[in-house]
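**Student:** build me a model:
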Amino acid sequence: MKDNDTSIIESSGNVFADLGFDPAEAEVMKLRAEIMIRTAQQLKAKGWTQAEAARHLGITQPRVSRLVKGKAEDFSLDMLLTLATRAGLHPEVRLTL
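**Tutor:** Now for the predicted structure:
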């Protein structure tokens, strides 16, 4: 492809799959990203500083910083679900065919 060539490719709905990740890994990455975004939004809505959020979430302030910056590689899916719950969200996991 030349530098000035442009084309539009319709998204699959999962940017990680579109980037070529294994489908199973892409789904987990998508879930982790969504939970991180929603949790960060919840912390902001509550008006908590990072230090306050750390106390409520039971983690350190530097971990809160990594959470709100979207450093997904620093958090397991289990931990993200726990933090979302501690932030007052009610995560649920559904499996569909």
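**Student:** what residues are up against the closest residue to residue 65 other than its chain neighbours?
**Tutor:** The shortest distance from residue 65 to any non-neighbouring residue, by Cβ to Cβ, 6 or more residues apart in numbering, is to residue 50 (5.9 Å). All C-beta atoms are positioned from the backbone trio N, CA, C, and that covers glycine. Going by Cβ atoms under 8 Å, 6 or more residues apart in numbering, residue 50 touches 61, 64, 65, 68.
**Student:** and for the closest residue to the first one other than its chain neighbours, the neighbour number?
**Tutor:** Spatial nearest neighbour of residue 61, chain neighbours left out: residue 54 (4.4 Å); criterion: Cβ to Cβ, 6+ apart. By other Cβ atoms under 10 Å, 18 other residues sit near residue 54.
**Student:** per-residue pLDDT, residue 60?
**Tutor:** With respect to pLDDT, residue 60 scores 98.
**Student:** got it, and residue 93?
**Tutor:** 86.
**Student:** could you do residue 89 as well?
**Tutor:** Note on residue 89: pLDDT of 98.
**Student:** how much space separates it from residue 19?
**Tutor:** 27 Å (Cβ to Cβ, to the nearest Å).
**Student:** centroid residue for the protein?
**Tutor:** With distances taken as Cα atoms, centre = their mean, residue 33 lies nearest the centre of the chain, 2.1 Å away.
**Student:** quick one: distance of stretch 65-76 to the chain centre.
**Tutor:** Remark: stretch 65-76 is offset 8 Å from the chain centroid, using Cα atoms, centre = their mean, to the nearest Å.
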